[in-house]
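**Q** Sequence and predicted structure are below.
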There are 2 protein chains.
Amino acid sequence: MGRHTLEYPKTADNTVRRHNERAIYALETIHRFVNSSQLLNVSFNTPNSPFPVTLPMIGQMGSFDRPSADIGDPLDLYLHGYVSSRMMNVARAAEKEGGDGKEGDEGLPVCIAASRVDALILATSAFNHSYNYRSVVLFGHATLVEDDEEKTYAMELITNGVVPDRWRTSRQPPTKAEMQSTSVLRVKISAGSAKVRDGGVSEDRHDLQNAEAQNSVWTGVLPVFSSIGEPLPTTYNKVEVPANVANFIRDYNKENQEYALAAAKK
Amino acid sequence: MGRHTLEYPKTADNTVRRHNERAIYALETIHRFVNSSQLLNVSFNTPNSPFPVTLPMIGQMGSFDRPSADIGDPLDLYLHGYVSSRMMNVARAAEKEGGDGKEGDEGLPVCIAASRVDALILATSAFNHSYNYRSVVLFGHATLVEDDEEKTYAMELITNGVVPDRWRTSRQPPTKAEMQSTSVLRVKISAGSAKVRDGGVSEDRHDLQNAEAQNSVWTGVLPVFSSIGEPLPTTYNKVEVPANVANFIRDYNKENQEYALAAAKK
């Protein structure tokens, strides 16, 4: 379409070293995978501990300044999570350090990771077992979203990331209390990469020539995929399952299963 | 059974602050969830970067010194992963720092996280949407396993974690080259916790009394679960799908679906 495919620059943090033929740096691929991941693992450091802390959060890529931006454009990551008080405190502290040119200016350094198993690969040797998988990692600086308009933009983005069009079809508008009690983080992304393994079983030549092994070991691929079951309405629900929910379930089940099977047969 | 249920002590790192009624510290629950997680997110710090790095790895809890240990006993975490050269180098460097009483003695500080979505919870208000989920986090120090016997123990544990009894039923014994080219990390666990959300939709009282909202918004639970499809044998496979593989697929599909449905109805 005459457009360049943007890629994240390779840095010390995001460059894939092992099996680098599996690496992907294209913004579009990475952002799409982040947006289709129901949970993101957000890791950051806290003062006085040598351990990074990882929290599961919900997030979507977006641009408040340019909401019409394409999925392959440079975007921010908006994060929302139940388990966030610790992170919010550290992010708040990181921001307060700002103004003197120190790192705090930029916010809290975070690493966001998501991964999905698409198949178990059972080879003749235990050591050639593998997974088909997709994984992505993003690095960036997180700050709290203070502006109500931007917070609303982010919550709409994130809610529609759970089920398409869910924001508009849920009770509107948000109450003041809801807006006040909700914390959203905006991550300015500085680097990212994805890694994908697909295909079938890879074997050592010796194992293929080992008649005893070939006559006793089952080899093949077990496709793995996530499904959504029949919707379970609340006892007080008065409404038919709406089209956006029904279509979402159908697409989710179809796409996940088809991806796992297509990847296994590559 | 007359046994105490062991719990991880609450430290600054692992204590669940938000929704602490959902927190679990029992070793047994945490270890079982780790063992049933196909991928673990392993985070650590590298020199000269403010960002933690997260890699997806495969792991199982075990005790080389006491292989008969119960799942609820104190255990180590053994990790194996494709994407490991960076981590292996940092772990090696951390060990070399040892001998002078510095932190390097203990190995590389790591945070291990795993999480699973069990349902999407669609409430009247977008702000009361939630997930049923299970998540676990472990903190510990990682060192490279150098001893061949321990490495074999760990690889057997990890392979059987992918498919029960797969180690014994794959080509044996390992070759020297396989043993030499395989790196395994042992993590001495210092803290851990789990967090579980189950049940149905939680609503604000005002939303339940809002007739307009109740007459227009579908509310309910969408159960989410992982499945394994029909096994796809390699072109050269000569063997029927063995019982351990067939049973594993059946149990995997049954347990995942049943858990999601039972959790939604709690």
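**A** Done, it's in.
**Q** For the stretch 1-150 of chain A, give me the ranges with low pLDDT.
**A** A:1-3, A:82-86, A:88, A:94-105 (pLDDT under 70).
**Q** What segments of it are helices?
**A** For the stretch 1-150 of chain A, helices defined by DSSP state H, counting those that start in this stretch occupy the ranges A:27-35, A:85-96, A:148-162.
**Q** Make a markdown table out of those and add distance to residue A:223 and mean neighbour count.
**A** Where you see a C-beta, it was placed from the backbone N, CA and C, and this is true even at glycine. Shown next, in a markdown table, are these (distance: least, C-beta to C-beta, whole Å; neighbours: other C-beta atoms under 10 Å in any protein chain shown):
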| stretch | distance to residue A:223 | mean neighbour count |
| --- | --- | --- |
| helix A:27-35 | 18 | 21 |
| helix A:85-96 | 35 | 17 |
| helix A:148-162 | 25 | 19 |
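**Q** Select, out of these, the one closest to residue A:74.
**A** helix A:27-35 (6.8 Å; C-beta to C-beta).
**Q** Any idea how far apart the tips of stretch A:11-29 sit?
**A** End-to-end distance for stretch A:11-29, by C-alpha to C-alpha, to the nearest Å: 18 Å.
**Q** what comes up buried for the longest helix anywhere in chain A?
**A** In terms of residue count, the longest helix belonging to chain A (DSSP state H) is helix A:243-264. Neighbour-count burial for helix A:243-264 flags A:244-245, A:248-249, A:252-253, A:256-257, A:259-261, A:263-264 (criterion: 16 or more other C-beta atoms under 10 Å in any protein chain shown).
**Q** and chain B, which of these reach it?
**A** Intersecting the buried residues of helix A:243-264 with the contacts of chain B gives A:245, A:249, A:257, A:260, A:261, A:264 (criterion: C-beta under 8 Å from any C-beta of the partner chain).
**Q** Quick check, the second one in contact with residue B:220.
**A** Put plainly, it is residue A:249. No. Counting by C-beta atoms under 8 Å, residue A:249 does not reach residue B:220; the two are 11.6 Å apart.
**Q** Now do the strands in the stretch 101-250 of chain A.
**A** Applying DSSP state E, counting those that start in this stretch to the stretch 101-250 of chain A gives strands spanning A:108-122, A:130-144, A:185-197, A:220-228, A:232-233.
**Q** Tell me the gap between the last one and the middle of its chain.
**A** Okay, so that is strand A:232-233. 27 Å (C-alpha atoms, centre = their mean, to the nearest Å).
**Q** so what secondary structure elements neighbour it?
**A** Where contact means 3 or more C-beta pairs under 8 Å, 6 or more residues apart in numbering or on different chains; DSSP states H and E, strand A:232-233 is packed against strand B:220-228.
**Q** Now the strand it packs on: average pLDDT?
**A** Confidence for strand B:220-228, expressed as mean pLDDT, is 98.
**Q** looking just at contacts, which helices and strands does it meet?
**A** strand A:220-228, strand A:232-233, strand B:108-122, helix B:243-265.
**Q** wait, which of the ones you listed is closest to residue B:143?
**A** Closest among the helices and strands packed on strand B:220-228, using C-beta to C-beta: strand B:108-122, at 7.5 Å.
**Q** Specify the angle between that closest one and helix A:243-264 in degrees.
**A** Between strand B:108-122 and helix A:243-264, the angle comes out at 140 degrees (axes from the mean of the first three to the mean of the last three C-alpha atoms, to 10 degrees).
**Q** is strand B:108-122 anywhere near chain A?
**A** Yes. Strand B:108-122 is in contact with chain A by C-beta under 8 Å from any C-beta, via B:109, B:110, B:111, B:112, B:113, B:115, B:117, B:120, B:122.
**Q** I'd assumed residue B:220 was in contact with the last one.
**A** In this case it means residue B:122. Yes. Between residue B:122 and residue B:220 there is a contact under C-beta under 8 Å: 5.9 Å.
**Q** The two: which has the busier surroundings?
**A** Higher neighbour count among residue B:122 and residue B:220: residue B:122, with 27 against 22, using other C-beta atoms under 10 Å in any protein chain shown.
**Q** Distance to residue A:75 added to the helices of the stretch 1-150 of chain A, as a markdown table?
**A** Output for those, formatted as a markdown table (distance: least, C-beta to C-beta, whole Å):
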| stretch | distance to residue A:75 |
| --- | --- |
| helix A:27-35 | 6 |
| helix A:85-96 | 19 |
| helix A:148-162 | 10 |
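**Q** Pipe these into CSV and attach distance to chain B per row.
**A** Formatted as CSV, those follow (distance: least, C-beta to the nearest C-beta, whole Å):
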stretch, distance to chain B
helix A:27-35, 13
helix A:85-96, 5
helix A:148-162, 4
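**Q** what sits against the residue nearest in space to the middle of chain A?
**A** Nearest residue to the geometric centre of chain A (C-alpha atoms, centre = their mean): residue A:34, 3.0 Å. Residue A:34 makes contact with A:40, A:59, A:60, A:61, A:77, A:112, A:114, A:136, A:138, according to C-beta atoms under 8 Å, 6 or more residues apart in numbering or on different chains.
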